[in-house]
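Visitor: Curious how this folds, go ahead:
(2 chains)
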2 protein chains.
Amino acid sequence: MAKVKKAPRPKAVTPKGFRDYFGAEVTERTEMLHQIAGVYHRYGFEALESAAVETVEALGKFLPDVDRPNEGVFAWQEADEDGQGDWMALRYDLTAPLARVYAQHRNDLPTPYRRYAMGPVWRNEKPGPGRYRQFYQCDADTVGAPSVAADAEICAMLSDTLETVGIPRGDYLVRVNNRKVLNGVLEAMGLGDDQAAKDNVLRTIDKFDKVGASGVRELLGKGRLDASGAYIDGVGLSDDQAEPVLAFLTSKADDVAKTFANLRDAVGGSSVGADGIAELEQIGDLLAAGGYGADRIEIDPSVVRGLGYYTGPVFEAELTFEIFDEKGRKRQFGSVSGGGRYDDLVKRFTGQAVPATGVSIGVDRLLAALREKGRIGGTTTGPVVVTVMDRDRMADYQAMVTELRNAGIRAEVYLGNPKNFGNQLKYADKRNSPVAVIEGGDEKANGVIQIKDLILGAKIAESATLEEWKERPSQFEVPRGDLVAKVREILASQTEGQG
Amino acid sequence: MAKVKKAPRPKAVTPKGFRDYFGAEVTERTEMLHQIAGVYHRYGFEALESAAVETVEALGKFLPDVDRPNEGVFAWQEADEDGQGDWMALRYDLTAPLARVYAQHRNDLPTPYRRYAMGPVWRNEKPGPGRYRQFYQCDADTVGAPSVAADAEICAMLSDTLETVGIPRGDYLVRVNNRKVLNGVLEAMGLGDDQAAKDNVLRTIDKFDKVGASGVRELLGKGRLDASGAYIDGVGLSDDQAEPVLAFLTSKADDVAKTFANLRDAVGGSSVGADGIAELEQIGDLLAAGGYGADRIEIDPSVVRGLGYYTGPVFEAELTFEIFDEKGRKRQFGSVSGGGRYDDLVKRFTGQAVPATGVSIGVDRLLAALREKGRIGGTTTGPVVVTVMDRDRMADYQAMVTELRNAGIRAEVYLGNPKNFGNQLKYADKRNSPVAVIEGGDEKANGVIQIKDLILGAKIAESATLEEWKERPSQFEVPRGDLVAKVREILASQTEGQG
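Guide: Numbers count the residues shown, from 1 in each chain, chains lettered A, B, ... in the order given. You can find the predicted model right below:
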C-alpha cells in the first residue's frame, strides 16, 4: 500500500457540546417518538420531514449581512463559481422550516394544514452540563386555522400524548394562558402607545416564575434587591399602574368562573382583554365537551413563558411530581412542553399573515422524567449467547443461533477469540445476556447441550448458601432438539421473576 | 411593534440538493427503519446514535490543511477566543463516526461490538436528478471479530432484513466475493511489488460491470475504443498476465464446487489467494448450516464493487426483478446494499488494527423498489372529517371527534372557515378522507347525524347510472349515539373493497 503523509493521530473525541447515545438510550427515544407520532396521526396530523440544512435567508433570524453570520446557528457559505455562494445553516428549531415549507408548498397543501415533525435541531451555543448543541424536538402545528378550536385541539392532543407515553393523569397538567389578556392588562394600565414601557412590563412578567408576585410588584415600581445583594432598578410605575399586572398574574382561583371574574377585573374596559378572556372560555368549553377537565388541562394566567413571543393562547405542560435534584433537594420536575398561537408564521415570505398554533415536546426531558420514575430504563436484557467450545464447529453454533432467531429470540454466537472460555462468560455478562448455551465435544457426542440461566445464576451466586446452590441448579442439560423450548422456558421464568 | 429594518422578502425554497418529505414518504421510511432495527436487534446488534457533527480531524478524509477543507463535506470553522477554532463537518457516512466512537469508548464496549446505526448523512456534491445531498443510511457492523463467522452473520442478517421489509425470496440475491482472492490473483499475475500496476488492475476491474470480460481484457492489454469513440489506453499487460484476472471475474459456475475450482486455478500457487478461497468456503458452510442456500446468498467472484476499499469478504445485495426505467426500457433494479470487511477501522486513532465487518442498506432505494412493485404506497387514507354546520356548536363537533379518536379512529373537526360547506367537502377530498360526518340544526333537533361514505360516493359518482345511484346510497342518517359504530362499519366495508 502507498504510504500517506505522516500525520499525528487524530483525537477520538465527540465534538464539544455533542454526545453519543447507546443502546436503550436510542431505542427508548425511538419508541417514544413512535408513540407520539401515533397520537398525532390519530388527530389527523401529517408527517413532514425537511432537511437539516436551510438557507440562512429562509431561517430568517440570521441574515448574511455580517462576515460570518453564525451567531446561534451552525452556518457556512456555499462555494459557487465565484467562491461566494449562499449561506447555509443547520435548523435551530422545527418551526422556521415549517414556515418555509408552508410558504413554498401552500398551493398543494390542504387548508388548514396539520403537520407534525420530529428530529434533531442544532444550536451554536456554549455547551454546559446537560446542555447539548444537538437535541430532539417533536412538534405539531396547525397552519391556517384562525379558530381557537385549533388551540383547544392542540391542548387535548398534548394531554393524550403525555398519557400515551406513560405519564398518568394526575402527574401532569396542561396550563393555558392568553397573550391577548395580557394585552388587555397593558391597555388597562394606561400605557397607551408607550412601547418601551410595555416591553419593560413584559420583561418583568418573565421573571414571575423566579421572583413571585411581590418581586414583580417591586420590579414594576422602584426596584428590588436581588439574592446576590445587587439592586435591580424598577420600571418606575405607580402602585395603581402595577395593580392590573398583579391582578392578572394572581388571578387563578380554585373555581374557573372565579378565575375569569378576576381576569375581567384585571383588564377593566379593554376590548382586546375581553376578547382574550372569551377565547379562554371557549377553549375551556371545547375541552370540557371532549371530557378534558381541570384534572388534565386548566386555565392558569400565571403561565408566563412565551407570552412575549406568542400572539394568542399559550400552553405549557408541566409534570407535577417531585424529584430530587443533584443536591438532594426535592423539586417539581417542571415543564416538558410548550406552545401557543403565532399568527405571523409565513408573513416574512409571502406578505400575508397566516394564523398558526402549535406545540413542541421536549422528548429528552420526558425520557428523563420516565427514567426518574423508573417507568423505563433499568436493565435491558441482552441476547442469548451461544458459546464456542470448538472453533471448527462454528457451523453447529451458527445453526443454533439461527434456530433461536427464527423463533423470535434475540441470540448471537460468540465471535471473539474462543480460546478462553472465561472471556466468553465475561462477554455474556457485559451484554446482560439472560442465557448462555454450551456444546462441547462430549455434549456433541451425546446429543445434548448445556443451558445456563445467567440471571438465576447471578442471584444464587449473590445470596445462596452452598446447600441452596446445590438444590437450585442454574444450569440444565437438555437434548439438542430442545434448545428453543428450554431457552424459551427460562426466558419466561425470568420475566415472571421481574413482576 | 417596533419596525425592523426593511429587507426584501426571503425566498421560500428548499436549499439546492435537499428536499422535503411529506406524509407517507416519511411514515413509510420510519416503518422500514423500525422493521430493519427489529432484525438487527434480534441478531444481537445494539443501537448507536452519534451526532450529525464530527470534527473534521475525526472524520479523517478531509484534513484542515487547506483554507476551507469542505471538499465533499459540509464544513465550518468554530469561533473560539481567537476566532480560530476546530473545523467541524456533517458526517458523510456512518462508518467514520463508528470508528471514532469505538476508539473513544472501546474500554466500555463489549468485544466484539455489534452495533447498528440509522440516520441521515450529508455529501457536499453537485446535486443531480434524484441525487440529494442529504440521504439516509442504515448500517450494521461488527467490530473486533476477526472470524469470517462475523461476515457470514452479516450476510444472513441482510437476507433476513430484505425479506422482512417485503422483498420475497427470489426477488433478491446477496452475492459474496473476497478481496483476498483478488490479492491472490494479483500475486499469480507476477506483478510483485509493482503497486502502480496493481492499482491499474484494480481500477480496470472496477469497470467490469460496465465493459464486461472482453472490455476488461482490452483495457488490461493495449486499450479500447469506448462508446463515445475515444480511445482508452490500456494497462499494457500481456495476454498471459491478464489471464488470471479474467479467470477470476468469470469463475462463477452453476455449481459452487466448480466456482471454487475455477478460483483455485485463477490464484495458482498464491497462499493469500488460497486463504481467500478457504474463507469463502467457510462462509458458504456457515450459511448452509443456518439454512441460507444459493437461492438467497451465493458466492460470486464477479462482484467487484468495493473490492478496492475492503480487505476481506465483500457483499452486495441486488434486487433481481426487472423494472422499466424512465425511457421505458427494461432493466434490473440492481444494488440496494453493500458491505464487507475492513480491518483498519480504528487504526488512525489508536495505532492498533481492529478487525471490522459491516453492511449499509440504502433505505431510500429499497423504498423506491417497494413502491415500484406496488407493495407500499398507493393512496393513504386520511382522517374522518367532522364538518362544521353551525360554528356556535363547535363543542358538539369537538365531542364527536373525541369519541372517534378514543375509539382509535383517525378523525378531525374542520378547522377552516366553515361558511362555505363546499370548501369543507373539498378539504375532505384533498385529505383523502374516507368518511364525512354532518350535523346541521335539523339533525341536532332530531338527535341524528348524516354520515357520508366518501370512497363509495366517489365510486358511484364515477360510474353509476342514476338508477344505481338511487339504489346505493353513500350517505346514511343514523342516531347520534351510533356515530362510532356506523363509522367503523363504513371503514370496514372500505377495507374489504380494497381486496
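
Visitor: Can you give me the buried ones in whichever strand or helix holds residue A:36?
Guide: In this assignment (DSSP states H and E), residue A:36 forms part of helix A:24-42. Buried residues in helix A:24-42, defined by neighbour count with 16 or more other CB atoms under 10 Å in any protein chain shown: A:24-30, A:32-33, A:36-37, A:39-42. In short, each C-beta sits where N, CA and C put it, glycine included.

Visitor: out of those residues, which touch chain B?
Guide: A:24-27, A:30, A:37, A:41-42 (CB under 8 Å from any CB of the partner chain).

Visitor: Give me the below-cutoff pLDDT ranges for the stretch 101-250 of chain A.
Guide: For the stretch 101-250 of chain A, no stretch is flagged by pLDDT under 70.

Visitor: can you do 90?
Guide: A:124-131, A:189-200, A:202-203, A:205-207, A:209-211, A:224-230, A:232-242 (pLDDT under 90).

Visitor: Okay, strands next: where are they in it?
Guide: For the stretch 101-250 of chain A, applying DSSP state E, counting those that start in this stretch gives strands covering A:113-122, A:134-143, A:172-178, A:223-225, A:231-233.

Visitor: Tell me the pLDDT of the most centrally placed residue in chain A.
Guide: Centrality entry for chain A: nearest residue to the mean C-alpha point is residue A:363, 1.2 Å, by CA atoms, centre = their mean. Per-residue confidence (pLDDT) for residue A:363: 94.

Visitor: show me what contacts it?
Guide: A:29, A:32-33, A:36, A:118, A:136-138 (CB atoms under 8 Å, 6 or more residues apart in numbering or on different chains).

Visitor: Count the neighbours of residue A:362 for me.
Guide: By the criterion of other CB atoms under 10 Å in any protein chain shown, residue A:362 has 18 neighbours.

Visitor: Ignoring the adjacent residues along the chain, who's closest to it?
Guide: residue A:336 (5.3 Å; CB to CB, 6 or more residues apart in numbering or on different chains).

Visitor: What residues of the strand or helix carrying that neighbour count as buried?
Guide: Assigned by DSSP H and E, residue A:336 belongs to strand A:330-341. Buried residues in strand A:330-341, counting neighbours by 16+ other CB under 10 Å, are found at A:333, A:335-341.

Visitor: The next helix or strand after that strand and chain B, are they touching?
Guide: Next in sequence after strand A:330-341, counting helices and strands by DSSP H and E, comes helix A:347-350. Yes. Under the criterion of CB under 8 Å from any CB, chain B is reached by helix A:347-350 at A:348-350.

Visitor: for helix A:347-350, packing partners?
Guide: Contact partners of helix A:347-350 among helices and strands, from 3 or more CB pairs under 8 Å, 6 or more residues apart in numbering or on different chains; DSSP states H and E: helix A:95-105.

Visitor: Show me which parts of the helix it packs on are buried, residue by residue.
Guide: Quick answer for helix A:95-105 (16+ other CB under 10 Å): A:95-104.

Visitor: can you give me the angle that helix makes with strand A:330-341?
Guide: With axes from the mean of the first three to the mean of the last three CA atoms, to 10 degrees defining the directions, helix A:95-105 sits at 20 degrees from strand A:330-341.

Visitor: where's helix A:95-105 relative to the chain centroid, distance-wise?
Guide: How far helix A:95-105 lies from its chain's middle: 22 Å, per CA atoms, centre = their mean, to the nearest Å.

Visitor: cool, stretch A:262-279 as well?
Guide: The answer for stretch A:262-279 is 34 Å, by CA atoms, centre = their mean.

Visitor: Strands of the stretch 251-400 of chain A, residue ranges please.
Guide: Under DSSP E, counting those that start in this stretch, the stretch 251-400 of chain A gives strands at A:297-299, A:313-324, A:330-341, A:356-361, A:384-386.

Visitor: how about these in JSON lines, adding distance to residue A:130?
Guide: Formatted as JSON lines, the strands of the stretch 251-400 of chain A follow (distance: least, CB to CB, whole Å):
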{"stretch": "strand A:297-299", "distance to residue A:130": "29"}
{"stretch": "strand A:313-324", "distance to residue A:130": "14"}
{"stretch": "strand A:330-341", "distance to residue A:130": "13"}
{"stretch": "strand A:356-361", "distance to residue A:130": "18"}
{"stretch": "strand A:384-386", "distance to residue A:130": "35"}
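
Visitor: Can you say which of those is nearest to residue B:449?
Guide: Proximity to residue B:449 (CB to CB) singles out strand A:297-299 among the strands of the stretch 251-400 of chain A, at 26.6 Å.

Visitor: Tell me who's in contact with residue A:299.
Guide: A:175-177, A:252, A:256, A:259-260, A:280, A:283-284.

Visitor: Residue A:460: neighbour count?
Guide: 17.

Visitor: For residue A:382, see how far away it is.
Guide: 19 Å (CB to CB, to the nearest Å).

Visitor: swap in residue A:144?
Guide: 49 Å.

Visitor: Then residue A:173?
Guide: 38 Å.

Visitor: Repeat that for residue A:202.
Guide: Counting by CB to CB, the gap from residue A:202 to residue A:382 is 53 Å.

Visitor: hmm, back to that, tell me which of the strands of the stretch 251-400 of chain A sits nearest to residue A:276.
Guide: strand A:313-324 (8.6 Å).

Visitor: Quick one: mean pLDDT for that closest one?
Guide: Rounded mean pLDDT across strand A:313-324 is 91.

Visitor: Show me what counts as buried in that strand.
Guide: A:313-319.

Visitor: Adjacent strands (with direction) for it?
Guide: Using DSSP bridges, the strands paired with strand A:313-324 are strand A:172-178 (antiparallel), strand A:330-341 (antiparallel).

Visitor: So what's the gap between that strand and the chain middle?
Guide: When C-alpha coordinates are averaged (CA atoms, centre = their mean), strand A:313-324 and its chain have centres 13 Å apart.
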